[in-house]
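S.K.: My questions concern the predicted model and sequence given below.
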Amino acid sequence: MKAYVFPGQGAQFVGMGKDLYESSPLAKELFEKANQILGFRITDLMFAGSDEDLKQTKVTQPAIFLHSVILSRVLGESFKPEMVAGHSLGEFSALVAAGALSFEDGLRLVSARAMAMQKACEMQPSTMAAVLGLDDAKVEEICASIDEIVVPANYNCPGQLVISGSIKGIEVACQKLTEAGAKRAIKLAVSGAFHSPLMEPARLELEAAINATPFSQPICPIYQNVNAKPTTNPEEIKRNLIAQLTAPVHWTQTVQNMISDGATEFVELGPGNVLQGLIKKVDRNLAAESKQNL
């Protein structure tokens with residue numbers, strides 16, 4: 001079975017999507033429609049902006065979404081997923097690619113999500129850190145022992161877990177995790193504590209936008225971040241999508257469940273190849289490829 005997966009924040013690069021725009025009339029049409037919906041020429045920033053431009057959350061999230069979704073559209077008949085999943089932001093790309101959301105509604109929600117997250121970050125300075133080479137249960141135990149907000153945020157693959165929380169909490173956690181035997185505990189260059197309770201203001205804002213948006217049944221099951229389980233139920237999809245902002249991304253478990261349910265081939269659609277690498281770390285024998293262009 002063929003599974004398509006969609007990357008999240010951090011996969012962006014200057015020049016992303018430019019080949020699609022120049023080689024496909026459909027891609028050009030969709031990119032121009034996105035410029036109109038967003039009210040600024042995101043294509044200029046994607047194709048020829050600076051790294052700093054692309055790092056702005058309000059640009060990063062729609063840019064990655066557009067690259068992924070437009071590529072799935074341009075593939076046309078050859079895009080036949082039997083299951084889909086997306087990492088954090090990538091879940092929105094997966095939902096549009098699988099027909100649960102329209103292109104326009106998906107882009108509006110991603111833009112609203114990015115703005116809400118940016119606001120939440122500005123309200124309370126916070127950060128994230130990647131923890132390498134320590135058992136998940138040990139990381140969870142240490143996070144729970146700290147008298148600050150520090151929680152597991154991204155279960156990326158065995159031996160790699162990203163934590164999220166207050167600046168002080170992350171500093172204390174990194175020290176304790178290193179003492180407990182982590183190979184590395186590295187603070188990430190992010191603007192806030194994504195997938196933590198500190199994103200509650202953004203969750204409330206996004207909840208209203210999601211509830212006001214029509215969702216359809218997708219053409220195949222989507223494995224969602226909050227529980228790593230497959231669903232095609234629009235109401236369940238909406239509930240999980242709302243919960244996602246303050247809950248951890250269970251990526252390791254998602255890949256394991258997709259494999260258990262018959263996935264033999266994974267294709268990552270969009271910028272970068274982060275997910276391909278993580279999938280290989282879950283099971284190095286899997287067929288996994290990343291696709292950025294036609």
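M.R.: Looks like it arrived, so ask away.
S.K.: Could I get the full set of strands for the protein?
M.R.: 2-6, 83-86, 126-132, 150-157, 160-166, 184-187, 222-223, 230-231, 265-269, 287-291 (DSSP state E).
S.K.: so which of the ones you listed comes closest to residue 206?
M.R.: Nearest of these to residue 206, taken as Cβ to Cβ: strand 83-86 at 15.6 Å. No exception for glycine: its C-beta is placed from N, CA and C like everyone else's.
S.K.: hey, C-alpha coordinates of stretch 151-169 in CSV?
M.R.: Extracted C-alpha coordinates of stretch 151-169, given in CSV (Å, rounded to 0.1, in the frame of the first residue of the first chain):
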residue,chain,number,x,y,z
VAL,A,151,6.2,18.7,27.7
PRO,A,152,7.0,16.2,24.9
ALA,A,153,6.0,17.9,21.7
ASN,A,154,7.1,15.7,18.7
TYR,A,155,7.7,12.0,18.9
ASN,A,156,9.7,12.0,15.7
CYS,A,157,11.4,8.6,15.6
PRO,A,158,13.0,6.2,18.1
GLY,A,159,15.6,8.1,20.0
GLN,A,160,14.5,11.6,18.9
LEU,A,161,11.9,13.5,20.8
VAL,A,162,11.3,17.3,20.7
ILE,A,163,10.2,19.0,24.0
SER,A,164,8.4,22.3,24.3
GLY,A,165,7.9,24.8,27.1
SER,A,166,8.9,27.9,28.9
ILE,A,167,12.5,29.2,28.3
LYS,A,168,13.5,28.4,31.9
GLY,A,169,11.8,25.0,31.8
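S.K.: Can you mark which positions in it are buried?
M.R.: 151-157, 160-166, 168-169 (16 or more other Cβ atoms under 10 Å).
S.K.: re earlier: just send the strands of the chain back as CSV, with mean pLDDT and distance to residue 16 too.
M.R.: As requested, the strands of the chain are exported to CSV (pLDDT from 0 to 100; distance: least, Cβ to Cβ, whole Å):
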stretch, mean pLDDT, distance to residue 16
strand 2-6, 97, 14
strand 83-86, 98, 16
strand 126-132, 96, 23
strand 150-157, 97, 21
strand 160-166, 97, 22
strand 184-187, 93, 25
strand 222-223, 98, 24
strand 230-231, 98, 29
strand 265-269, 97, 12
strand 287-291, 91, 13
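S.K.: and those as CSV, adding distance to residue 212?
M.R.: Converted to CSV, the strands of the chain look like this (distance: least, Cβ to Cβ, whole Å):
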stretch, distance to residue 212
strand 2-6, 23
strand 83-86, 21
strand 126-132, 28
strand 150-157, 27
strand 160-166, 28
strand 184-187, 37
strand 222-223, 20
strand 230-231, 21
strand 265-269, 28
strand 287-291, 33
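S.K.: Out of these, flag the one nearest residue 197.
M.R.: strand 150-157 (7.1 Å).
S.K.: Now do that closest one: everything it contacts.
M.R.: 87-88, 128, 136, 139-140, 143, 161-166, 169-170, 172-173, 193-197, 248-253, 255, 278-279, 281-282 (Cβ atoms under 8 Å, 6 or more residues apart in numbering).
S.K.: hmm, try it at 7 Å
M.R.: Contacts of strand 150-157 from elsewhere in the structure, counted by Cβ atoms under 7 Å, 6 or more residues apart in numbering, are 128, 136, 139-140, 143, 161-165, 169-170, 173, 194-196, 248-253, 278, 281-282.
S.K.: just the helices in the stretch 101-250 of the chain please.
M.R.: Taking DSSP state H, counting those that start in this stretch, the helices of the stretch 101-250 of the chain run over residues 103-123, 136-144, 167-179, 200-211, 234-243.
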